[in-house]
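Undergrad: Below are the sequence and a predicted model for it; my questions follow.
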Amino acid sequence: MLVRKLQRRAVVPLFAKLAPVRIGLEACGGSHYWARTLSGLGHEVVLIAAQHVKPYVRRGKHDAADAEAICEAMSRPRTRFVGVKSGEQQAAQMLFGVREQLVRRRTQLSNTIRGYAAEFGLVAAQGLARIEPLLARIAGDATVPALAKELLETLGEEYRAVCARYAAIDKKLLAHHRKDETGQRLAAMPGVGPVVASLLGVKVTDATAFGSGRDFAAWLGLTPKNHSTAGKNRLGVITRAGDEMLRQALVVGATAHIQQVRRGRAKASPWLAALIARKPPKLAAVALANKTARMAWKMMITGEPYRCGLSGQPDASSPPSRPLRAAYGGGLRPALTAAQHGADMPGQAATEEHRTQLLQRKEDGVIDRSVTRETPRDPLANETAGMIGTGVANPTLASGRKDRAQRPDIWTQAIENDAKQPLQAGRRPIWIFIASIRLTLRRMAAPRRA
């Protein structure tokens, strides 16, 4: 083990002499630069968030204890790492940081001008468009002292300069957005414009690092805070974890979309209309931001455009994704509802090639179920239903039996098909009988509920 305290100028020469190793750094100012530099020397560099390093600090706060904690944290299998940003991504992130500072400075100057003008009895309506007429009124009012006019004119000049810089930054942001193919696809979603779409592309370095859309929404702090115990679920307000700028942009965009819907200027999906009717506007905005984040994650990892219409159903040229499967048959998977819809489902034509490949694999005796699980519809749901309960010592049938146990979405079809088959070798899995009894009881209870 090498323990050495280095100065800044001695870091690169030391690691240039070492063989490729795994280096852990705390994600802080300058960490992305060092990650890129050390990666260029052939090393594997991982960045760890400070909140994941602190639990491993034993006692006290000094550099040696921090280095030991980082070494301990990076060796844990459940530690989550921060994606390393490129120089272009950091430059684009600077664009949003400078823009936010200009917005704050513009708001500060406008409020200062309004406050000083009100001391002399001059007020104006809300809005940035009222500042220039207010400055003109101040210059033409004889009751305002000359010193006050000079100072307000100085503030007015600074206000105009900030507005000009802000306009220039907005032009650069739009130019960056036009070059970003992912940002243009994301901007098609309601409540997501060029600013939010570009911000998603800059802040999210690798969307595949998240296992699901909910994980992505939790990373943004848009999911409820869980404080459950003793088997009782207790969900509170949103966690507000993750990047504040990105979360704020999503919530502001969702709030603007809800305002347009309530004013009748935009049409809402049935889900959003029902949500607005029963929940407060702020809560509905956070829920819409959560849903927007999940859809954005799906679009980023699949490369699909936004195709959802007002009815909540996907476009006919795109297979239905998992968040939209509830639109068919009350939440059932398309494999179960294909018969109800006459096998006329969006994206069915897109699965013909996949169906042919799976049939060929079935003839060869090998079926790759890992591919089938990711498809929106199981083309072999009926063909392979007989694999359950046969009791034949066949590796292919055993694989199908294991797969059916892991696929509860088509268990109803499996039960009905297996129940019609005679007993083979005098064996049949117990879960077939239990599930058959549950299915019978459910059908008997259906007329009572009606």
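TA: Great, that's in hand.

Undergrad: What helix or strand is I131 located in?
TA: Using DSSP states H and E, I131 maps to helix 131-140.

Undergrad: What mean pLDDT does that helix get?
TA: Taken as a whole, helix 131-140 has a mean pLDDT of 94.

Undergrad: list the helices and strands that helix packs on?
TA: helix 87-118, helix 146-179 (3 or more C-beta pairs under 8 Å, 6 or more residues apart in numbering; DSSP states H and E). All C-beta atoms are positioned from the backbone trio N, CA, C, and that covers glycine.

Undergrad: Dump those to CSV, plus distance to A19, mean neighbour count and mean pLDDT.
TA: Below are these laid out as CSV (distance: least, C-beta to C-beta, whole Å; neighbours: other C-beta atoms under 10 Å; pLDDT from 0 to 100):
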stretch, distance to A19, mean neighbour count, mean pLDDT
helix 87-118, 27, 15, 94
helix 146-179, 39, 14, 95
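
Undergrad: Serialize those helices to a markdown table and add fields for distance to V45.
TA: Listed next are the helices and strands packed on helix 131-140 as a markdown table, based on distance: least, C-beta to C-beta, whole Å:
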| stretch | distance to V45 |
| --- | --- |
| helix 87-118 | 15 |
| helix 146-179 | 27 |
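
Undergrad: any idea where the helices of the stretch 201-350 of the chain begin and end?
TA: Applying DSSP state H, counting those that start in this stretch to the stretch 201-350 of the chain gives helices spanning 213-219, 244-262, 270-278, 281-302, 334-337.

Undergrad: Same question for the longest one: list its buried residues.
TA: Neighbour-count burial for helix 281-302, with 16 or more other C-beta atoms under 10 Å as criterion, is recorded at 284-300.

Undergrad: Just say helix, strand or coil for the closest residue to D141 other than its chain neighbours.
TA: Ranked by C-beta to C-beta, 6 or more residues apart in numbering and with sequence neighbours excluded, the top spatial neighbour of D141 is L122, at 6.6 Å. Each residue gets one of three states, and L122 gets coil by DSSP: H, G, I helix; E, B strand; the rest coil.

Undergrad: show me the contacts for L122.
TA: L134, R137, I138, D141, V144 (C-beta atoms under 8 Å, 6 or more residues apart in numbering).

Undergrad: can you check R104 too?
TA: Neighbours of R104 in contact, by C-beta under 8 Å, 6+ apart: none.

Undergrad: and if we set it to 10 Å?
TA: V162 (C-beta atoms under 10 Å, 6 or more residues apart in numbering).

Undergrad: what's the spacing between the residue nearest to D141 and T107?
TA: With distances taken as C-beta to C-beta, to the nearest Å, L122 is found 19 Å from T107.

Undergrad: thinking again about what came up before, what about the residue nearest to D141, distance to L155?
TA: Counting by C-beta to C-beta, the gap from L122 to L155 is 14 Å.

Undergrad: any residues in contact with both of the two?
TA: I113, Y116, L135.

Undergrad: Wait, the second one touches A148, no?
TA: Read it as Y116. Yes: Y116 lies in contact with A148 (C-beta atoms under 10 Å); the separation is 7.1 Å.

Undergrad: Overlap of the contact sets of the two?
TA: Shared contacts of Y116 and A148, defined by C-beta under 10 Å, 6+ apart, are found at I138.

Undergrad: got the contact list for the nearest residue to T143 once chain neighbours are set aside?
TA: Of all residues not flanking T143 in the chain, F120 sits nearest, at 6.7 Å (C-beta to C-beta, 6+ apart). With contact set as C-beta under 10 Å, 6+ apart, F120 has these partners: I138, D141, T143, V144, P145, A148, K149, L152.

Undergrad: How about E100?
TA: I169, M245, Q248, A249.

Undergrad: now do 7 Å
TA: M245 (C-beta atoms under 7 Å, 6 or more residues apart in numbering).

Undergrad: count of neighbours near E44?
TA: Residues near E44, counting by other C-beta atoms under 10 Å, number 11.

Undergrad: Run through the stretch 151-300 of the chain and note the low-pLDDT ranges.
TA: Residue ranges of the stretch 151-300 of the chain with pLDDT under 70: none are present.

Undergrad: buried set for stretch 10-27?
TA: Buried residues in stretch 10-27 (16+ other C-beta under 10 Å): F15, I23, G24, L25, E26, A27.
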